[in-house]
Every structure is written in structure tokens, then in C-alpha cells.
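Q: Pasting a predicted model and its sequence here:
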Amino acid sequence: MSKEHANREENYSQWYNDIVIKADLAENSAVRGCMVIKPYGYAIWEKMQAALDKMFKDTGHVNAYFPLFIPKSFLSKEAAHVEGFAKECAVVTHYRLKNDPNGKGVIVDPDAKLDEELIVRPTSETIIWSTYKGWIQSYRDLPLLVNQWANVVRWEMRTRLFLRTTEFLWQEGHTAHATSKEAVEETERMLEVYADFAENFMAIPVIKGVKTANERFAGALETYCIEALMQDGKALQAGTSHFLGQNFAKAFDVKFTSKEGKSDYVWATSWGVSTRLMGALIMTHSDDKGLVLPPKLAPFQVVIVPIYRSDEEYQKVCDAGREIKKDLERFGVLVKLDDRDTQKPGFKFAEHEFRGVPVRIAIGPRDLENGTVEIARRDTLEKEVLHIADLPNKIVHLLEHIQNNLYTRALDFRTANTHTANSWDEFVEMLDGSGGFIQAHWDGTPETEEKIKEMTKATIRCIPLNNKQEAGKCILTGNPSTQRVIFARAY
RNA sequence: CGGGAUGUAGCGUAGUCCGGUCAUCGCGCCUGGUUUGGGACCAGGAGGUCGCAAGUUCGAAUCUUGCCAUCCCGACCA
């Protein structure tokens, strides 16, 4: 390896770790398993938030905010729920520090012990349902369709950047309905919203389905999910929507009076997606050169890099760049003119590739003479010379094309990595090979599911909605089965 | 919390077995000059409590003990 090449590789790995993955998007801090989301990464999250928020509003939801702290007693009111979350809660026991009488620093003031400990929310069902009790009396108060954007804390034993951090950002919708039917419809509606967002904004194809009893949310009667396949062949649960039945209404005594004057508990749903989606975005589209962002979520869709020698050229080329920026912005394109004169063009090319900017426009003295620019697309790395006059139209179409291409590419990958196993040996061989989704028969019992998990680490990702019914035999037990389910090793 | 590994400058690292001019190298950073259509080059320069705390020793990045953190594998999970 030449010295120059070696240097580039080192440089590359530094940027990759330091700027793209760990630093600009997040980095582990001194706080256990928590992440710092740097400005560029946060800009991506904001784009995701904006798109999701609009979809929630369009389906009749409103935003609200509930407390970070939950009294410990709230958590014990729903049995399955406490079972699911008790082991991973951060607990506040005191409210004051004082100077250490024995030396330096501060200590927890033992006199400041709370009568009742507070839990830092791992999810907000309990505090929200205790609040809903006061909001709901009549069928006229229903449905109650509320979403909250918040942070939550789950003290997991093992953390993983983006996919399982101690603290994460998310949205959680909590709705209350007069009938079971309406609540199920809401659960399914929000699953559709998530699938729509994943596929049309993130360009990630997902399988919609329901979880098995083993994988269900703590306190839910049914958990719907969208499952995506990452480039390494592992599955990622990208979003969930839960039908909670009357569990929380009963636990928090939330009743309403119907039109007929009868009193009944309300029916509930909850649904959420988190900063884990940023992990999904990275793991679905990135290549060896760094991030690849779908145009709909890129903080900048186009970056203009001026090329010049003299100050005079710099002025001229930047002026031309500003014109192009204005033209493109009239078409709603998000453009950044990278007019830093502290970095060279090659450096900028590489940097914007790392950051996943969908389209790059390079403009130099030669272009000024010819009335052209060089454009390069991030997804295919192809370059093309275009006339400035055609630019806005072509860029708008190119961005649409890139958005579609990313989706198609991911879908092709998933198709190529979705297999059908008809025997145990086949099943194991596929798992140990390239991984991916495996469609196989299962006898429907939690015991078999658990056994397969123990033997292979593969879990049932979901039972797809509208699944094809087909008689078969369970790959493990040989017992009769009516349909294939999706198995995979997962994050 | 169990098993394994690691912790040296902003990042990546050499040195640790065998204690003594060992704090190494690359990237990055700063200054000056030449450069500028794919990650520039030359010259000079700045930057480190060797994870933390005790201990052994004349002497510790190096040995001992404890603690902390990170990564991988389990258990757990959006």
C-alpha cells in the first residue's frame, strides 16, 4: 500500500468514526450508553420529526407533553406492564445534594430522601392514563388522540449506538376510544402511517405484521410492527403500534358514559418510533463511502462546490453558485453553497459524500465559459455535465429519482435476502449463511418459538398482515401449521 | 449481572511479557510558502494527569490490588 493510499485510508476511517457515525450523529459520552446527537445528525432527526408530525396531524392527532417523572406506585398498577419495565428503570430517590462534610465535592443529602421514589419514564402509559382519568367522562370526550415528543430512559444491560441507547428520543401516541373496534382501527391506522413513512420518506421497505405473544409489548393485547432488513442480514423492528384493550383503563380506572347511559372502561392504543430509526437509515443505505441519505430526509439535498484558483475566480464562481442556489430554492430544493475557502474541492467532495448529501454540483471557471456544471449523485456516484439553464428541472427530477432508486435498491436487497425454508436443516443453513428474512412454518406455540430462539438466536419477527394461508408442518416440531411466519436474527 | 478483551494527544496507535533518556508513529490542528476540476506538498510548530486511586520500588505507561469506563459474546430490549 502506498503511503498516500495508507494516509487516505486512515483519514477515511477517522472521518467515518469521528464525523459521520460517532461525532456528527452521536457519540458515547461519559453517561452510560447515552448519545450526543450532533447538529448534522439532529438536522436529520428534525426532518424525520417534521414528516411524522404532519402525518399524525393529518390523521387527527394533537401533541401534548407529560412529566418526565412517574411516581413509583403508578408503575405497579398494570401487572404485565411492571413485569416488562421494572428491571430497567432509573429511580430518583433524593432531591438535594450538599457539601461533603468530610472533604471535597458533594454528597447526596440523606435528609432529602423522597417519601415516594420517582421513576424516570421508560414509556409514559402510566402517567398518561392517570391523567386521562380526569379528562374522560363521556363518549363526547372520545376519541382522545394525543401524541407526545419526548425522551425516555431504559436502563438496558447492554447498549448499542442508535439501536439501544440508555436515553432515546421518540414520539409516543396514546389514544382512548369508546369501542374495541375503533381502537383496533386506530392501531392499524398508525401502523400504516409508520409503514408509509418508512417506505416513502426513509426509502426503507418494511413488512407489516403482528408480534407473537412472546414478543408483545408489556400490557398489550396485540402488538403490530414494521420490520426492516439491514444490509448485514439482520432484522430491525422499526416501529410498533399496540392495541392495549382495556388493560390501562382498568388499571387507572378510566371510564366513560356511553350514549345509552352505560358506564364502561375505554379502549386504548399506544404507538411509537424512536431515534432507532436513524440507525435503520444508516444501516439500510450507507456504503463504504459513508452515509447515503434519501432526499426527503437530507438536511441539504444539493451542495454546490465552487472550484477556483484566484480570488477573482472565487468571486465569479461563487456568484454563479448563488444564482443556482436561488433558482433551485424557487423549486423547493434545499441547497447549501459550500463557499469555505479553507478547504479544497477534493476535501469537500469527500466530506459531503460522507455526510450523504444526495446531489453535488461542482462549478468552476471552465463551466462559467460553457454555461455548464458538473453534477454527481450520491447513490450511484455517477457524474454528468449539465447546462445551467436545464438545472432546476433536472435536479427536481433527479432528487425524485434518487429517492425512488434508494427504495428500489433496498427492496431488491430484501427480496434477494428473503428465503423460504421447508426443513430444519434448510432453516439453519439459511440463518448461518447470509441471514435475512426466512419464511417458515411454525406450530403456533410459544414453547416452539422459544426453543427455536434458544437453538438459533432467530426470533419470529412478525406474522405478516394478510398473510397467505397455507397448510404445512412446523420446521421444528413437524406439527401442523396454517401459515408461514417471518423468522430472522434481529438487533 | 456472567465470560472475554481493551483503556497512552482531538482520532487511530507503538511501547507493557523483561520497571531505568519511551512517552512512538500516522492523521488532524497552528504558522509560512507553493498549490486548488477528487481527500495537496514542503518547511517549521503546538498539544499528553500514559483511565482513576492506593501499593511495591531509589525509580512505574510497564509490577500488585481495588475502582471506573469502553467494546465483543450472553441475559435484556424501541
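A: Yes, it's here. Bear in mind that the values here come from a model prediction, so they are computed numbers and not experimental data.
Q: how far does the helix or strand encompassing residue A:447 sit from the chain's center?
A: For residue A:447, the enclosing helix or strand under DSSP states H and E is helix A:446-456. Between the centre of helix A:446-456 and the centre of its chain there are 27 Å (Cα atoms, centre = their mean, to the nearest Å).
Q: And for stretch A:288-298?
A: Using Cα atoms, centre = their mean, the offset of stretch A:288-298 from its chain centre is 15 Å.
Q: Could you tell me the end-to-end distance of that stretch?
A: 19 Å (Cα to Cα, to the nearest Å).
Q: Would you tell me which residues of the stretch 351-491 of chain A are close to RNA strand B?
A: A:351, A:353-354, A:360, A:362-368, A:373-374, A:376, A:381, A:383, A:454, A:457, A:490-491 (Cβ under 7 Å from any atom of the strand). Just so you know, the C-beta spots here come from the backbone N, C-alpha and C atoms, and that holds for glycine as well.
Q: If you tally nearby residues, what's the number for residue A:193?
A: Residues lying near residue A:193 (other Cβ atoms under 10 Å) number 21.
Q: who's in contact with the nearest residue to it once chain neighbours are set aside?
A: In space, and not counting its chain neighbours, residue A:193 is closest to residue A:55: 5.0 Å by Cβ to Cβ, 6 or more residues apart in numbering. Contact partners of residue A:55, counting by Cβ atoms under 8 Å, 6 or more residues apart in numbering, are A:193, A:196, A:197.
Q: and if you look at residue A:227?
A: Here residue A:227 is in contact with A:206, A:207, A:209, A:235, A:236, A:237, A:238, A:437, A:461, A:462, A:486, A:488 (criterion: Cβ under 8 Å, 6+ apart).
Q: Tell me the secondary structure of it, please.
A: strand (DSSP: H, G, I helix; E, B strand; the rest coil).
Q: Name the surrounding residues that touch stretch A:72-91.
A: A:116-120, A:122-123, A:125-127, A:130, A:153-156, A:217-219, A:247-248, A:251-252.
Q: Buried ones from those, can you make that a PyMOL selection?
A: Remark: buried members of the contacts of stretch A:72-91, expressed as a PyMOL selection using 16 or more other Cβ atoms under 10 Å:
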select buried, chain A and resi 117+118+119+120+122+123+125+126+127+130+153+154+155+217+218+219+247+248+251+252
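Q: Doesn't the residue nearest to residue A:193 lie inside a strand?
A: No - Residue A:55 is assigned helix when assessed by three-state DSSP, not a strand.
Q: confidence score at it?
A: Looking at residue A:55, its pLDDT is 98.
Q: Please report the distance of residue A:48 from residue A:153.
A: Per Cβ to Cβ, to the nearest Å, residue A:48 is found 21 Å from residue A:153.
Q: and what of residue A:36?
A: Taken as Cβ to Cβ, the span from residue A:36 to residue A:153 is 15 Å.
Q: What of residue A:165?
A: 9 Å.
Q: what does residue A:100 give?
A: Relative to residue A:153, and taking Cβ to Cβ, residue A:100 is found at 27 Å.
Q: what does residue A:295 give?
A: On the measure of Cβ to Cβ, residue A:295 and residue A:153 end up 34 Å apart.
Q: want to throw the contacts of residue A:55 into CSV with secondary structure?
A: Conversion of these to CSV gives the following (three-state DSSP):
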residue, secondary structure
A:193, helix
A:196, helix
A:197, helix
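Q: Report all helices and strands that the top helix by length along chain A contacts.
A: Ranked by residue count under DSSP state H, the longest helix found in chain A is helix A:391-416. Judged by 3 or more Cβ pairs under 8 Å, 6 or more residues apart in numbering; DSSP states H and E, helix A:391-416 is in contact with helix A:276-285, helix A:311-330, strand A:359-363, strand A:372-377.
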